[in-house]
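Enquirer: pasting the sequence and the predicted coordinates here, then a few questions.
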Amino acid sequence: MTPKLILALILTAAVLAAWVRLILWRRGAPAFPLWRFVVLIGVQPVWAALLFLGLFPPALPVAGGTLTVLTANAPRTAAASGGQSVALPEVAVPGVERVPDLGTALRLYPDVRRIRVLGDGLTARDRDAAGGLAVDFTPTAPRPGLISLTPPARIAPGMRFQTGGQVAGLPGAVVDLVDPAGRVTDSQAVDAEGRFTVSGTARAAGLVTFGVRVKDGQRVVEQADVPVRIEADAKPRLLILAGAPGPEVKYLRRWATDAGFTVNTQMSAGGGVQLGDPAIAINAATLRQFDVAVIDDRSWPGARPAVLAAVRDGLGLVLRASGPLDGAGRASWRSLGFALTGPDVLSPIALPAATDAAVARTRSGIGSADAPADAEMGEPFIPELSRLAAIPGGADAVPLIRDAGGATLSAWRAVGLGRVAVFTGVDSYGLTLTGHGALYGDWWSGMLAAVARPSAGAPVVTGPAWVGDRLTLCNLSANARVQSPNGAAATLIPDPAAGGCAGLWPAASGWHLLRTTDARGAEQISPLYVQPADRLLGIKAARDRDATLMLGRKPTPAAASGEVRTQPGPSWPWLLAWLLLGGGLWWFERSNLGRAVPKTDQ
């Protein structure tokens with residue numbers, strides 16, 4: 001029971017007691033005037049109400065102010081913009097009050113209802129404090145250089161990997177991928193939107209850093225480290241099921257083996273004869289041993305029940321076409337959630353022209369069993385490859401691969417805990433024979449990486465990390481700890497209410513080791529790379545800019561519910577009125593006003 005309610009009950013009881021007294025008084029004095037009785041009865045609750053309002057005055061709406069918050073790269077003229085302004089630690093503007101964080105600023109100015117953010121945006125340290133406020137944010141133009149960079153996931157030794165990103169403000173930029181020895185392994189010009197993808201090859205197992213170099217002409221604009229985690233036991237387990245032997249299976253198996261996959265191939269030769277690796281039963285127990293399966297349309301009907309159940313349990317699946325689909329084949333793809341638009345015929349795949357380097361690699365293989373007979377031609381050779389004319393799509397299907405003409409060759413969608421992709425290419429192996437081996441590897445590595453079974457129970461790292469910047473780690477065990485490059489260890493305290501997440505503020509750059517315990521009690525070691533504080537500033541600014549824009553789009557709780565922030569009003573007017581009314585009531589009760597005064601004999 002609150003003090004406010006207790007006081008209300010006491011005053012109510014007092015008013016009722018006063019009324020009882022007045023009623024008894026009225027009954028004992030019939031000559032008591034009625035109007036005097038009514039006045040005394042009516043004033044009692046008013047007097048009690050004034051006392052209650054004096055002790056608990058009604059709330060008054062607070063006029064919300066606007067606070068200008070300066071973040072990194074805020075303009076120097078912000079101090080002259082008028083109104084109250086504060087500067088966060090990332091920026092120093094003469095004449096503007098500096099605060100350690102946004103929470104401190106809001107405690108200094110409690111009447112603030114709206115903040116105007118200038119610069120790159122609020123960091124993770126300050127975004128929680130902005131909850132419940134209206135946020136006006138006009139971001140600054142992105143600085144020239146990298147604004148996004150996606151490092152590869154963990155890979156096996158000898159496996160080809162890709163890293164991509166986006167460059168802003170440099171329309172003619174060229175991006176180089178540099179290996180740890182300083183050699184350029186790939187070079188790519190950015191497209192019209194500034195996006196790029198460069199490829200490299202992992203060597204021995206270990207933790208290494210490749211480099212991404214952004215050049216504008218001959219000038220190096222930016223360099224960044226790309227962390228690559230190469231693990232000998234990270235070989236994905238691949239199952240290939242085919243309705244008949246053929247070159248597509250042969251070259252896919254060869255590529256997958258070279259790329260670091262552990263491959264098991266099952267091919268039917270008819271009459272119950274199986275070719276390839278030792279035969280295995282296609283059931284839940286065996287499929288749980290694989291990360292991804294590639295199955296052609298001829299093997300799919302027999303394997304469908306067991307494989308589909310395994311997909312819902314997390315297995316990745318690539319369903320490929322071996323030729324034009326019949327009605328049953330199209331129906332099976334539709335049952336997986338993929339709509340096919342187009343006739344049941346084959347159509348050529350539009351391919352980019354082979355580069356001089358690709359042609360040179362092809363010519364270097366002349367004399368081998370796989371070398372094409374026309375490899376000595378002077379013109380770059382473009383193979384004639386086929387695909388289904390029907391284009392895969394669907395409401396929740398994500399396009400994965402497109403040919404040079406823009407036709408979708410592969411798309412994927414989620415099914416239960418796993419993912420399913422369809423591939424309409426019929427003879428993609430021809431890429432490996434005609435100088436397009438890199439494109440063949442890009443296609444298949446992209447499809448397999450998109451659908452492969454994720455590592456169960458692995459910690460989740462939310463984005464890149466910088467020295468001194470808050471990093472969020474999730475899915476942690478109770479005894480999780482992080483070991484820095486100098487050997488110092490920090491214990492993390494996961495929050496069960498936040499999904500087992502914890503915050504980390506790295507103090508040194510380089511590889512850190514996150515040590516956790518899995519469900520079986522075994523220790524898991526997950527490396528994570530921390531960038532120096534002065535690297536990838538464009539990516540950090542883009543992250544803060546996007547997160548602050550999302551704050552501005554979300555309605556504040558007060559605005560969503562129509563609430564207005566209030567504070568208690570002054571007490572003295574109510575207490576003064578209570579005192580004056582109480583004095584007047586005391587005088588009125590004791591006065592002869594309205595009473596019949598008895599006459600005295602002279």
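Expert: Thanks, I have the structure now. Residues are numbered from 1 along each chain as shown.
Enquirer: this structure: helices as residue ranges?
Expert: All helices of the chain, identified by DSSP state H, fall at 3-28, 34-55, 102-108, 124-127, 247-258, 284-287, 300-312, 327-335, 356-363, 437-451, 537-553, 557-561, 572-590.
Enquirer: and residue 181, which of the ones you listed is closest to it?
Expert: Taking C-beta to C-beta, helix 356-363 is the member of the helices of the chain nearest to residue 181, at 19.4 Å. (Each C-beta comes from the backbone N, C-alpha and C, glycine too.)
Enquirer: name the nearest residue to residue 58, ignoring sequence neighbours.
Expert: residue 569 (5.6 Å; C-beta to C-beta, 6 or more residues apart in numbering).
Enquirer: swap in residue 240?
Expert: Nearest in space to residue 240, with sequence neighbours left out and distances taken as C-beta to C-beta, 6+ apart, is residue 265 at 4.5 Å.
Enquirer: neighbours of the one you found, how many?
Expert: When neighbours are counted by other C-beta atoms under 10 Å, residue 265 registers 20.
Enquirer: check contacts around it.
Expert: 240, 242, 249, 253, 276, 277 (C-beta atoms under 8 Å, 6 or more residues apart in numbering).
Enquirer: ignoring the adjacent residues along the chain, who's closest to the fifth one?
Expert: Once flanking residues are discounted, residue 276 sits nearest to residue 265: 3.8 Å by C-beta to C-beta, 6+ apart.
Enquirer: quick one on the thing from earlier: in terms of mean pLDDT, which of the helices of the chain ranks lowest?
Expert: Of all these, the minimum mean pLDDT falls on helix 356-363 (a mean of 44).
Enquirer: and residue 352, how far from residue 89?
Expert: 48 Å (C-beta to C-beta, to the nearest Å).
Enquirer: correct me if wrong: residue 190 contacts residue 167.
Expert: Yes - with contacts counted by C-beta atoms under 8 Å, residue 190 reaches residue 167, the gap being 5.1 Å.
Enquirer: look at those two and report which has more neighbours.
Expert: Between residue 190 and residue 167, counted using other C-beta under 10 Å, the more crowded position is residue 167 (28 against 19).
Enquirer: rewinding a little: quick one: closest of the helices of the chain to residue 475.
Expert: helix 124-127 (18.5 Å).
Enquirer: so what does the closest one touch, helix or strand wise?
Expert: Judged by 3 or more C-beta pairs under 8 Å, 6 or more residues apart in numbering; DSSP states H and E, helix 124-127 is in contact with helix 102-108, helix 537-553.
Enquirer: including mean neighbour count and distance to residue 139, could the ones you listed go into TSV?
Expert: Formatted as TSV, those follow (neighbours: other C-beta atoms under 10 Å; distance: least, C-beta to C-beta, whole Å):
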stretch	mean neighbour count	distance to residue 139
helix 102-108	17	17
helix 537-553	19	5
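Enquirer: run a quick neighbour tally on residue 159.
Expert: Residue 159: 23 surrounding residues under other C-beta under 10 Å.
Enquirer: contacting residues around it?
Expert: 201, 202, 230, 259, 260.
Enquirer: hmm, 7 Å instead?
Expert: 202, 259, 260 (C-beta atoms under 7 Å, 6 or more residues apart in numbering).
Enquirer: among those residues, who's most crowded?
Expert: Going by other C-beta under 10 Å, residue 202 tops those with 25 neighbours.
Enquirer: just the pLDDT for the nearest residue to that residue once chain neighbours are set aside.
Expert: Spatial nearest neighbour of residue 202, excluding adjacent residues (C-beta to C-beta, 6+ apart): residue 230 at 4.5 Å. pLDDT, residue 230: 83.
Enquirer: in the sheet, who's paired with residue 230?
Expert: residue 155, residue 206 (DSSP bridges).
Enquirer: quick check: the gap between it and residue 179.
Expert: 12 Å.
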